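1. fold the following for me, if possible:
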Amino acid sequence: MTRPLIVGALIAGLAVGAAITWNAATQDREYQRLIAAGDAALAGDQTFLAIESYSGAIALKRDSMLAYLRRGETYRQRGELDAALRDLRTASSIDPSAPRPLEQLGDVQYALKRYDRAADRYAAYVRLDDRSPRVLYKLALARLADEDPAAAIPSLRQAIHLNDRFAEANYLLGLALWRTRQPREAIGALQRSVRIAPSFSPAREALADLLASQNRLGEQVQQLEALVTNEPERTDRYLALGLAHASRGRHDLAVAAVGRAIERDPTDRRAYSALARVWLDVAEANGDRVALDKARRALRLALAGSAPTADDLTLQGRALLLRGDASGAFRVLRDATARGEVDPTAFLRLAEAAARLNRTNDERVALRQYAALVPGGERSRAATAHLARLQAAR
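-> Now for the predicted structure:
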């Protein structure tokens with residue numbers, strides 16, 4: 001080849017290389033522009049425009065993990081979960097070492113209520129990076145939702161080790177420990193949660209319930225009082241406090257707490273039901289006819305203008321028993337116990353009404369139903385006496 005031809009070929013090659021480089025740079029600039037445009041659209045809650053931009057970026061770079069990740073996150077935000085799964089799986093397959101797609105896959109699977117798959121994705125993230133309290137918490141949450149509280153506990157302990165101010169993780173740990181029958185440790189975790197975040201109501205609610213189940217009623221009341229202080233506009237907080245006072249025999253405080261609920265919302269039927277319950281407790285404990293009359297007045301307000309609930313019927317049955325109307329009480333209590341979920345003590349009242357009417361078989365059936373619902377250690381003295389009498393009569 002002559003010298004001029006060689007020089008010409010070199011110049012042509014350089015020109016082609018320059019063109020390729022220029023095209024690649026132009027394509028990369030357009031890709032970056034589309035990613036930035038998608039991010040800006042997403043920040044402005046313009047999810048359709050964001051998807052269009054990310055799709056354009058994918059068309060330019062089919063192996064872009066970032067573009068698939070961003071588009072998958074946007075689909076998830078729009079509630080298009082199947083499309084989100086498709087893109088996030090692609091992102092994860094492009095870069096298996098990237099933890100972010102795994103977290104997002106877990107979030108989508110959790111939203112689809114596929115809790116076992118969500119846990120698998122979060123666990124895969126943790127294998128890549130075990131220093132994220134957020135993802136450790138999500139892993140535990142998925143395992144709890146999948147009815148595996150024991151498996152949730154190590155993840156939560158690790159999350160708390162990494163962030164000892166993580167109130168939600170302490171709360172979730174308390175629930176997991178409670179469900180694995182470790183009440184003392186559960187109480188400790190829930191107490192830590194409310195110390196970290198005094199206004200975190202779910203933790204206080206759970207702590208109050210757990211303390212009540214352990215017969216630590218004074219401490220339960222303290223938590224319920226804190227809930228009233230934190231949320232004074234909620235009438236149900238006063239009702240829970242009032243019933244807790246009643247369970248301790250502090251009926252004066254119970255009436256005062258329920259009265260505060262009625263002051264805030266005189267139309268709340270639940271408040272009148274709670275007031276009736278308190279006055280019935282007083283009437284049963286002391287044979288107090290005045291308290292019985294107050295309970296009946298509260299019941300009339302609770303039942304006014306709406307269909308009675310099973311709990312309302314149970315209260316009505318109690319009132320009828322105290323009045324000596326066993327026949328009326330039997331009818332009302334039989335109706336109450338025939339409705340779905342009902343307080344187990346309704347069966348005990350029904351057995352009492354049946355016994356007064358000499359309906360031995362009905363009494364036996366009601367007591368058996370009560371015994372099936374309430375473990376031996378949680379039965380009242382009256383229930384234990386009824387069951388013992390039934391056993392002796394066999």
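2. help me confirm that Asp129 comes into contact with Pro99.
-> Yes. Contact criterion CB atoms under 8 Å: Asp129 and Pro99 qualify, at 5.0 Å. For the C-beta atoms, the positions are set from N, CA and C on the backbone; glycine is no exception.
3. ok, these two, which is more surrounded?
-> Per other CB atoms under 10 Å, whichever of Asp129 and Pro99 has more neighbours is Pro99, with 17 against 12.
4. for the more buried one, give me its contacts.
-> The contact partners of Pro99, by CB atoms under 8 Å, 6 or more residues apart in numbering, come to 125, 128-129, 132, 135.
5. with the residues you listed in mind, which one is nearest to Val228?
-> Val135 (35.7 Å; CB to CB).
6. for that closest one, which non-adjacent residue is closest in space?
-> Tyr125 (5.1 Å; CB to CB, 6 or more residues apart in numbering).
7. now Ser247
-> Leu217 (6.1 Å).
8. pretty sure the residue nearest to Val135 contacts Glu103?
-> Yes. At 5.2 Å, Tyr125 counts as touching Glu103 under the criterion of CB under 8 Å.
9. quick one: Leu275 and Ala257 touch, right?
-> No. Applying CB under 8 Å, one finds Leu275 not in contact with Ala257, separated by 10.0 Å.
10. that older thread, overlap in contacts of Tyr125 and Glu103?
-> Jointly contacting Tyr125 and Glu103 under the rule CB under 8 Å, 6+ apart are Val135.
11. okay, and the common contacts of Asp129 and Pro99?
-> The contact sets of Asp129 and Pro99 overlap at Val135 (CB under 8 Å, 6+ apart).
12. re the thing from before, so which strand or helix has the residue nearest to Val135?
-> Here Tyr125, judged by DSSP states H and E, is contained in helix 115-128.
13. do Leu321 as well
-> Under the criterion of DSSP H and E, Leu321 resides in helix 310-323.
14. mind saving the C-alpha coords of the helix or strand following that helix as PDB?
-> Next helix or strand after helix 310-323 toward the C-terminus (DSSP H and E): helix 326-337. C-alpha atoms of helix 326-337 as PDB (Å, rounded to 0.1, in the frame of the first residue of the first chain):
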ATOM      1  CA  ALA A 326     -84.000 -15.200  85.100                       C
ATOM      2  CA  SER A 327     -86.300 -16.000  82.200                       C
ATOM      3  CA  GLY A 328     -85.700 -12.600  80.500                       C
ATOM      4  CA  ALA A 329     -82.000 -12.900  81.200                       C
ATOM      5  CA  PHE A 330     -81.800 -16.400  79.700                       C
ATOM      6  CA  ARG A 331     -83.400 -15.200  76.400                       C
ATOM      7  CA  VAL A 332     -81.100 -12.100  76.100                       C
ATOM      8  CA  LEU A 333     -78.000 -14.000  77.000                       C
ATOM      9  CA  ARG A 334     -78.800 -16.900  74.600                       C
ATOM     10  CA  ASP A 335     -79.100 -14.300  71.900                       C
ATOM     11  CA  ALA A 336     -75.800 -12.700  72.900                       C
ATOM     12  CA  THR A 337     -73.800 -16.000  72.900                       C
END
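15. wait, isn't Val228 in contact with Leu239?
-> No. Between Val228 and Leu239 there is no contact, the gap being 10.1 Å when judged by CB under 8 Å.
16. name the residue in the two with the higher neighbour count.
-> Leu239 (24 against 16).
17. low-confidence ranges, the stretch 1-150 of the chain, go.
-> In the predicted model, the stretch 1-150 of the chain carries pLDDT under 70 at residues 1-24.
18. now for Leu275 and Ala257: what residues contact both?
-> Common contacts of Leu275 and Ala257, defined by CB under 8 Å, 6+ apart, comprise Gly242.
19. C-terminal to the helix or strand where Asp82 lies, what's the next element?
-> According to DSSP H and E, Asp82 maps onto helix 81-94. For helix 81-94, the succeeding helix or strand toward the C-terminus, using DSSP H and E, is helix 99-111.
20. for Leu172, see how far away the spatially most central residue of the chain is.
-> With distances taken as CA atoms, centre = their mean, Pro202 lies nearest the centre of the chain, 8.3 Å away. Counting by CB to CB, to the nearest Å, the gap from Pro202 to Leu172 is 10 Å.
21. residue contacts, Leu66?
-> 35, 91.
22. make it 10 Å
-> 31, 35, 54, 57-58, 91, 94-95, 98, 100 (CB atoms under 10 Å, 6 or more residues apart in numbering).
23. Trp178 too?
-> Taking CB under 10 Å, 6+ apart as the criterion, Trp178 is in contact with 149, 185-187, 189-190, 206-207, 209-210, 213.
24. what does Ser132 give?
-> Going by CB under 10 Å, 6+ apart, Ser132 touches 99, 103, 122, 125-126, 138-139, 158-159, 162-163.
25. and the helix holding Asp82 with helix 99-111, angle?
-> Computed by axes from the mean of the first three to the mean of the last three CA atoms, to 10 degrees, the angle separating helix 81-94 from helix 99-111 equals 150 degrees.
26. okay, angle between helix 81-94 and helix 115-128 too, please.
-> With the same axes, to 10 degrees applied, the angle from helix 81-94 to helix 115-128 works out at 30 degrees.
27. outside of helix 81-94, which residues touch it?
-> By CB under 10 Å, 6+ apart, helix 81-94 touches 51, 54-55, 58, 62-78, 80, 98-109, 111-112, 114, 117, 121, 124.
28. quick one, which of the residues you listed are buried?
-> When the contacts of helix 81-94 are checked for burial by 16 or more other CB atoms under 10 Å, the buried set is 51, 54, 58, 64-76, 80, 98-109, 114, 117, 121, 124.
29. burial count for the closest residue to Glu219 other than its chain neighbours?
-> Excluding the flanking residues, the one nearest Glu219 by CB to CB, 6+ apart is Leu211, at 4.7 Å. Leu211 has 23 neighbours, counted by other CB under 10 Å.
30. for the contacts of Ser132, which two are the farthest from each other?
-> Taking CB to CB, the two most distant members of those are Pro99 and Asn163; they sit 17.6 Å apart.
31. quick one, helices of the stretch 251-394 of the chain?
-> Applying DSSP state H, counting those that start in this stretch to the stretch 251-394 of the chain gives helices spanning 251-264, 269-286, 289-303, 310-323, 326-337, 345-356, 360-373, 381-393.
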